[in-house]
Each structure stands twice: as C-alpha cells, then as structure tokens.
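Quick one, structure for this:
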Amino acid sequence: MIKEFAPAKVNLFLDVIRKREDGYHDLGTVFQTVGIGDYLSGKANTTGEITVGYNNPQEYPLEKDLVYKAAKLLKETFNVGKGADFYMEKVMPLGAGLGGGSADAAAALRILNKVWELGLKPEELEKLGAKLGADVPFLVQGGTAFAEGIGDILKPVTLEYPKAVLVATPHAAVPTKDAYGGITPSGESAWEAFKKNFNGKLDFELFNKFEESVFPKYSKIVEMKKLMQQNGAVQVLMSGSGASVFAIYDDVKVAERAKEIVAPISRYIALTKFVERF
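Numbering: from 1, shown residues only. Here you go, the predicted model:
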C-alpha cells in the first residue's frame, strides 16, 4: 500500500477576472501549499471495485468523494481493469477554503498512477485533475504557482518563504455559491500588474477578492482575521472562498502565542510553514 501526504493550500493573491460563457469564472491566483493536510493510502485490487475507508465517518456518500471520482476518472479514461482500495486519514475541515478534498483527489491520482502502472507525467495528471475541480491541477505537484483560467493554467514560481504560518478555520462554512454570488469581476488589470511586479519575495500585499462578498455575511471570519492582525501577524488573509484565515509571521514565538489566542474561536487550527513543490 502506498501512502501519500495531501497538503492543503492557501491563496496569496486571488482575483476574479471575468465570468465565462460556461458559467465558470476566470481567476488570477497565487497558490501555495502548506505543511498541513490529509494522508491517503491506496493499493490496487483485482476486483475492479473502488473502495474508500476513513479514520472517521464522513458527511457525504462515497460517490461524492473526490478520491472516488478521481479513481473512476482514471479507470474510465484508460480502461483500467483493476480496482483500488483507499484509506483516508482525514484531518482537514470541510468548507474551509484550503483545498482539502482537491488535495485528496490529487493524491489519489499520484497513487493510482503508480499502483496501476500508468506511467503518466505530472502534467498529464494535472490535465485530468482539471475535470475534478479547480484546485486539483495545482495540488498534483504543489509548491508556489501562478494559476489562471479556472485554476488549470499553471506557472510554477519561486518565493521566499516566511518563518511561520498560522492557519485557522472559524465555526463557519462558506458555500462556494455564496462567495461567487456577491462578486463583481475585477477585469485583468490588477492581476496583470501583480504578475509584472512579482519579484519572488513576500513583500506584496496579500489580496482575496472573495473577502468582499464573504465578510458582510460571515462575521466569525472577520472576527478571526482581526484577532490575528492584533496579535503580531505580518499579513492576514482569508483563503480561497473561505472560511479559513491564514496569517504570516516573521517570529515563530509570536505565532505560537497568536495560536493560543485564536484557538478558542477555531474549529481547526495549526501552526505550519509553506512547503515546496513535490
């Protein structure tokens, strides 16, 4: 059985550029993997069935699980006769904007590529991952990357990483439709200016367009961001479409104290670091 770490992600910059004719939105974002996530184990079987076991019962049926969907996609795309048995050590919260389910799907693609001996390149897995979700292509390899389109056009970049990152999820969950529902697309100018001025250092202002639509409806997220700002963070931002918030620190001890202060209003919290491409 092969075991893969499925690291979560945050968005250091996230803007909604335009709404597409197919109903999706074109984005401009900087993805960054962090050292927290789920663990997925998997092996091939001869029954042809796809099974997924969990450390804790999940709130959704198997058919909705992105690991199951990833396996079905690969199986059908390449006419694979074998099946697979997975075991998920689920750590990341649902509805958190950290890409937990997408990271699991990406880990499933990596595992199946090995146990089914498909010999696919990472870029091929990324292309398949785009059929599963906007975050999946990036999470096949992680690291730091610019992403455009619906998240499927990737450009890996190098970034100087901070000393510590605090990631916390308040007692709230944001449906994606709520986040997009109140958004007025920005156009290309801010994203193009960001790319032009990017110098590989974390000296830019973190930005998330979804704060505009989410904050008026979710006071607990606003409260968490303010608390981090008041306790030594260099920068603080909501991740993805919410509800998680992450804060960057240049002093680990300050970050540790902030974690103790924020913990009482969190349903998930972790002190971590950015992680490189894998």
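
how about the helices in the protein?
66-77, 100-115, 122-129, 136-139, 176-181, 189-197, 211-214, 219-229, 252-262 (DSSP state H).

Tabulate these (a markdown table), appending mean neighbour count, distance to residue 94 and mean pLDDT.
(Each C-beta comes from the backbone N, C-alpha and C, glycine too.) Output for these, formatted as a markdown table (neighbours: other C-beta atoms under 10 Å; distance: least, C-beta to C-beta, whole Å; pLDDT from 0 to 100):
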| stretch | mean neighbour count | distance to residue 94 | mean pLDDT |
| --- | --- | --- | --- |
| helix 66-77 | 20 | 12 | 98 |
| helix 100-115 | 26 | 7 | 98 |
| helix 122-129 | 18 | 20 | 97 |
| helix 136-139 | 29 | 16 | 98 |
| helix 176-181 | 15 | 12 | 86 |
| helix 189-197 | 13 | 29 | 97 |
| helix 211-214 | 20 | 16 | 96 |
| helix 219-229 | 18 | 15 | 98 |
| helix 252-262 | 17 | 20 | 98 |
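
Of all those, which one comes closest to residue 273?
helix 252-262 (9.6 Å; C-beta to C-beta).

Contacts only, for residue 168.
Contacts for residue 168 (C-beta atoms under 8 Å, 6 or more residues apart in numbering) come out as 224, 228, 244-246, 259, 262-263, 266, 268-270.

if we take the residues you listed, which one ends up nearest to residue 134?
Using C-beta to C-beta, the contacts of residue 168 come closest to residue 134 at residue 244, 16.3 Å.

Could you point out which of the helices of the chain sits nearest residue 23?
helix 176-181 (9.9 Å).

which helices and strands sit right next to that closest one?
In terms of contacts (3 or more C-beta pairs under 8 Å, 6 or more residues apart in numbering; DSSP states H and E), helix 176-181 is packed against helix 211-214.

can you pull the pLDDT of the closest residue to residue 72 other than its chain neighbours?
For residue 72, ignoring the flanking residues on the chain, the nearest one in space by C-beta to C-beta, 6 or more residues apart in numbering is residue 50 at 6.5 Å. Residue 50 is assigned a predicted lDDT (pLDDT) of 98.
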